[in-house]
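Student: Below are the sequence and a predicted model for it; my questions follow.
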Amino acid sequence: MIKRVLILDGYTDEPAGLGVPPYIDVYPRYIAGAIWSVDKSIFIRYVTVDEVRSNIHAFLKEAQEYDLLIVIAGVTVPGKYLGGTPIKLRELDQWFRVITKPIKILVGPAARYGIGEEGGRIAELPSKIKENFDVLVKGDPELYVYELIRYGIEKANPYVVKRDYTLTNTFAKLGAKIITQHPNYGYNLIVEVETYRGCPRSIVGGCSFCIEPSYGLPLFREPRDVVEEVEALYKMGAKHIRIGRQPDILAYKAIDAGVEEFPKPNIEELRKLFHGIRMVAPDLETLHIDNVNPGTIAHHPELSTKALKIIIEYHTPGDVAALGIESADPRVIKLNNLKIYPDEAFKAVEIINRVGKTRGWNGLPELLPGINFVYGLIGETKDTYRLNYEFLKKILDAGLLVRRINIRQVIAFPATRMWIYGDSIIKKHKEIFKIYKEKIRREIDLPMLRRVVPKGTILRKVFTEKHVGEHTLARQVGSYPILVDIPIKVKLKQWIDVIVVDHGYRSVTGIPYPINANTSPYKILQMVPGISKNKALEILKRRPFKSRKELLKIIGSDLAKYFTI
Ligand code: SF4
C-alpha cells in the first residue's frame, strides 16, 4: 500500500519544455495530480536536487521512510543554468544505490532516451544506474504512476503513452498544489504550461534531428482545459506562467493540422486560450510564450500577424518567440528537411519586429524574435558558417531587433536521421565552430544587445539571485531573461529596478535604480549614464543634498530621472 511518496526533481530541459529553476515543468505537477486522483490522502513531498545536495545525508535517511521514490531527470538540450544544476550521472549512481526501502522509479527524458551531452549522440544510461531503479518509465510518467498507484507495480505499464489528454487534464489541475513546495515558490517561480505535443511537420518527416515527430500528429489540449489548469495554479499562488510546452504556439489548434505541413493559425482558438487565461488569472506578473515555427509566419503572414497581436494583447512585455531557423545554408536546409529558407526566415523576423518592438512597462520590447541555430547537421560545410553569419549580419544591418541567438551543436537521438551521423560533422568543424561562435558573439550579439536595451534603459522588477564575489547576478522572470550583473552586493531574493550602464556579449551591467545622491558610493555614481568621474566627485563633495533643486544644479534636468535624495 503506497501512503508516502517522495518526488525528487533532478530537472529537465527539452526542446519544448524547461524544468530548471526558476522553472517548474509539467512532470512533478502531473505526477502529483495522478497520485492524488487515486487517493487524496497520500502524502507527497517534493524536493529539488539542489535542496538534496545541501544535506545529502539527511536526504538518504529520509528517503527510507517513503513507500515510493520518483526521480525526474533528463537534460536533452544542455544549457548554462543560473538557477540550479541538473542531476549528474554520478549522483544517479551513488545516491540511489544506498536507498533500499521505497520502490524507486526513474522518469523523464533520462529514462526515455538517456542523457544528452552537447555535440554527440544521446547516451543510454549505464547499466549500473539502471540497476539502481525498479522501473525506468519509457512512456508518459503521469499515466504510469496512475497505474502504479491504482493497480500495483506488477500491472503498471512503463510504456504507456497518452492517446488523448483526458486523464492528464485532471492530473494537471489536481497537481497544481505541488508548486507550493518548490524552493522558488513565493519568489520567482515560473510554471511551464503545455498546450499540445507532436509536430504538424511530421507528415513530411520533420527535421532530421528532432524527436517531436515521434509523437506523431499534434495532440491538442482544449483551451478550457489549459485555462482550468492555469486557474488552479493561480489559486495556489503562481504569479509567472510560460505557455512554453509545444513546438509552435502559432500552430495551436491550427486549421488543417495533420493535413498541411504549415497549418493556418487558428485565431479564434488562440484568443480563447489567452483571453481565458487572463480572465482566470488577471494579476499574473508574467505571461510568456516560447517556440514559434518561422515557417508558420512565412506561409501565413497575415494570420500570424493577427495571432501575434492576440498574444501581445494578453501577455507581459519582454516576451520572446524563439524561432527554430537552424541554418541559413540552402544545402543544409534541404538535406535535413528544415522548415524555412533564409529569405522567408528574414521575413518572419521582420513581422515579429513590426508587431512586437514597442517597449513595455518593464523596459523591454513587448515581443522579440529569438533565433536558434544548430550546427553539425547533414551536409554542413565550412561555407555554412559564413552563410549563417551573413544572415545574422543582414538582420543587424536592417535595424531589426533580436532578443537572443542560440548557437548549439546537434545532439543525435535514436530514431532520428541524425543518429547515424552522431558527432562526426561536429568533430570535423570543431575549430571553425569556435571561431564563428566568438565572431557572432562579438559582432552580432553585442551590438544587438546595445540596441535591445540601450544604456540608460530602466529594467523593472529584476530578481536578485546570486552573489559572485562582490557582484550580484539578477534577472527578470520570463522567457530568456537578460542576465544583469550588478557591481555591488545587493541583498538576495529582492525585486529591484536597475539602470543599464554597460553591455557584455550576453549580459548587461546594471546599477540599482533610483540612485540615492546622498548615500550611493562613488563606484555607482560614476557609472550613471551621463555622469562623469568629476561630476560624481562633485556630488560626493556637495552632499548631503536637502532638496532636489540643489541636486539638479549639479546634474542638470536630463539626468534627474535617475536620482532620488
Ligand atoms: S518543425 Fe522541425 S524542429 Fe520543429 S518540432 Fe517539427 S520537426 Fe521538430
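Tutor: Everything's here; your move. Being a predicted model, the structure only gives us computed values, none of them experimental. Numbering: from 1, shown residues only.

Student: buried residues in stretch 434-445?
Tutor: Using 16 or more other CB atoms under 10 Å as the test for burial, stretch 434-445 gives 436-437, 440, 444-445. Where C-beta positions appear, they are placed from N, C-alpha and C, glycine not excepted.

Student: Work out the gap between the lowest-mean-pLDDT helix or strand in the chain and the centre of the chain.
Tutor: Least confident helix or strand of the chain, by mean pLDDT, DSSP states H and E, is strand 120-121 with a mean of 72. How far strand 120-121 lies from its chain's middle: 22 Å, per CA atoms, centre = their mean, to the nearest Å.

Student: can you check stretch 412-428 too?
Tutor: Using CA atoms, centre = their mean, the mean C-alpha position of stretch 412-428 is found 25 Å from that of the whole chain.

Student: again, but for stretch 320-328
Tutor: Counting by CA atoms, centre = their mean, stretch 320-328 is centred 14 Å from the centre of its parent chain.

Student: So is it next to the ligand?
Tutor: Yes - Stretch 320-328 reaches the ligand (CB under 6 Å from any ligand atom) through Gly324.

Student: May I have that stretch exported as PDB, CA atoms only?
Tutor: Extracted in PDB, the C-alpha atoms of stretch 320-328 (Å, rounded to 0.1, in the frame of the first residue of the first chain):
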ATOM      1  CA  VAL A 320      10.400  36.000 -26.800                       C
ATOM      2  CA  ALA A 321       9.200  34.000 -29.800                       C
ATOM      3  CA  ALA A 322      12.100  31.500 -30.200                       C
ATOM      4  CA  LEU A 323      12.500  30.700 -33.900                       C
ATOM      5  CA  GLY A 324      14.000  27.400 -34.900                       C
ATOM      6  CA  ILE A 325      15.700  28.700 -38.100                       C
ATOM      7  CA  GLU A 326      18.500  26.200 -37.500                       C
ATOM      8  CA  SER A 327      20.500  27.100 -40.600                       C
ATOM      9  CA  ALA A 328      20.800  29.700 -43.400                       C
END
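
Student: Tell me who's in contact with the residue lying closest to Ile105 once chain neighbours are set aside.
Tutor: Nearest non-adjacent residue to Ile105, counting by CB to CB, 6 or more residues apart in numbering: Val135, 4.5 Å away. Going by CB atoms under 8 Å, 6 or more residues apart in numbering, Val135 touches 103-106, 144, 153, 156, 158.

Student: residues near the closest residue to Asp445 other than its chain neighbours, how many?
Tutor: In space, and not counting its chain neighbours, Asp445 is closest to Tyr505: 4.8 Å by CB to CB, 6+ apart. By other CB atoms under 10 Å, the residues close to Tyr505 number 13.

Student: Next: Pro282.
Tutor: Pro282 - counted by other CB under 10 Å - has 8 other residues nearby.

Student: again with Ser127
Tutor: That count, for Ser127 with other CB under 10 Å as the rule, works out to 7.

Student: Need phi/psi at the residue nearest to Asp445.
Tutor: Geometry field for Tyr505 lists phi and psi as phi -70, psi -40, criterion degrees, to the nearest 10.

Student: Show the contacting residues for it.
Tutor: When contacts are counted by CB under 8 Å, 6+ apart, Tyr505 touches 441-442, 445-446, 449.

Student: Between those residues, which sits nearest the ligand?
Tutor: Asp445 (22.9 Å; CB to the nearest ligand atom).

Student: just to revisit the earlier point, tell me which entries of the contacts of Tyr505 lie within helices.
Tutor: 446, 449 (DSSP state H).

Student: so which pair among the contacts of Tyr505 is furthest apart in space?
Tutor: The largest separation in the contacts of Tyr505, counting by CB to CB, is between Arg442 and Leu449 at 11.5 Å.

Student: Checking the residue of the stretch 451-565 of the chain found nearest the ligand next. Helix, strand or coil?
Tutor: Nearest residue of the stretch 451-565 of the chain to the ligand, counting by CB to the nearest ligand atom: Ser479, 16.8 Å away. Classification of Ser479 by DSSP: H, G, I helix; E, B strand; the rest coil places it in coil.

Student: which regions of this structure lie under the pLDDT threshold?
Tutor: 117-118 (pLDDT under 70).

Student: Show me the domain layout of it.
Tutor: 4-151, 193-212+282-452, 458-564 (automatic domain parsing).

Student: With distance to Glu268 as extra columns, can I get those in CSV?
Tutor: What follows is these, written out as CSV (distance: least, CB to CB, whole Å):
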stretch, distance to Glu268
domain 4-151, 23
domain 193-212+282-452, 10
domain 458-564, 25
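
Student: Minimum distance to Pro223: which of the ones you listed has it?
Tutor: For Pro223, the closest of the domains of the chain is domain 193-212+282-452, at 8.5 Å, according to CB to CB.

Student: From one end of stretch 292-308 to the other, what's the distance?
Tutor: Terminal residues of stretch 292-308 are spaced 10 Å apart (CA to CA, to the nearest Å).

Student: Run through who's touching it.
Tutor: Contact with stretch 292-308 is made by 201, 247-251, 254, 261-265, 267, 270, 321-325, 339-340, 344-345, 347-349, 351-352, 354-356, 367, 369, as judged by CB under 8 Å, 6+ apart.

Student: right, is that stretch up against the ligand?
Tutor: Yes - looking at stretch 292-308 against the ligand by CB under 6 Å from any ligand atom, the contacts come from Asn293.

Student: Just the buried residues of that stretch, please?
Tutor: If you call a residue buried by 16+ other CB under 10 Å, then stretch 292-308 has these buried ones: 292-300, 303-304, 307-308.

Student: Go through those residues and name the one nearest the ligand.
Tutor: Nearest to the ligand, judged by CB to the nearest ligand atom, of the buried residues of stretch 292-308 is Asn293 at 5.4 Å.

Student: Residue numbers of the stretch 451-565 of the chain in contact with the ligand?
Tutor: Taking CB under 6 Å from any ligand atom, no part of the stretch 451-565 of the chain reaches the ligand.

Student: Which stretches in the stretch 451-565 of the chain count as strands?
Tutor: Assigned by DSSP state E, counting those that start in this stretch, the stretch 451-565 of the chain shows strands spanning 458-468, 471-475, 483-486, 495-503, 507-513, 515-516, 563-564.

Student: Turn these into TSV, columns for distance to Lys88 and mean neighbour count.
Tutor: Formatted as TSV, the strands of the stretch 451-565 of the chain follow (distance: least, CB to CB, whole Å; neighbours: other CB atoms under 10 Å):
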stretch	distance to Lys88	mean neighbour count
strand 458-468	20	18
strand 471-475	22	21
strand 483-486	23	20
strand 495-503	32	20
strand 507-513	26	21
strand 515-516	42	18
strand 563-564	46	18
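
Student: re the thing from before, next SSE after the least confident helix or strand of the chain?
Tutor: The element immediately downstream of strand 120-121 (helix or strand, assigned by DSSP states H and E) is helix 127-130.
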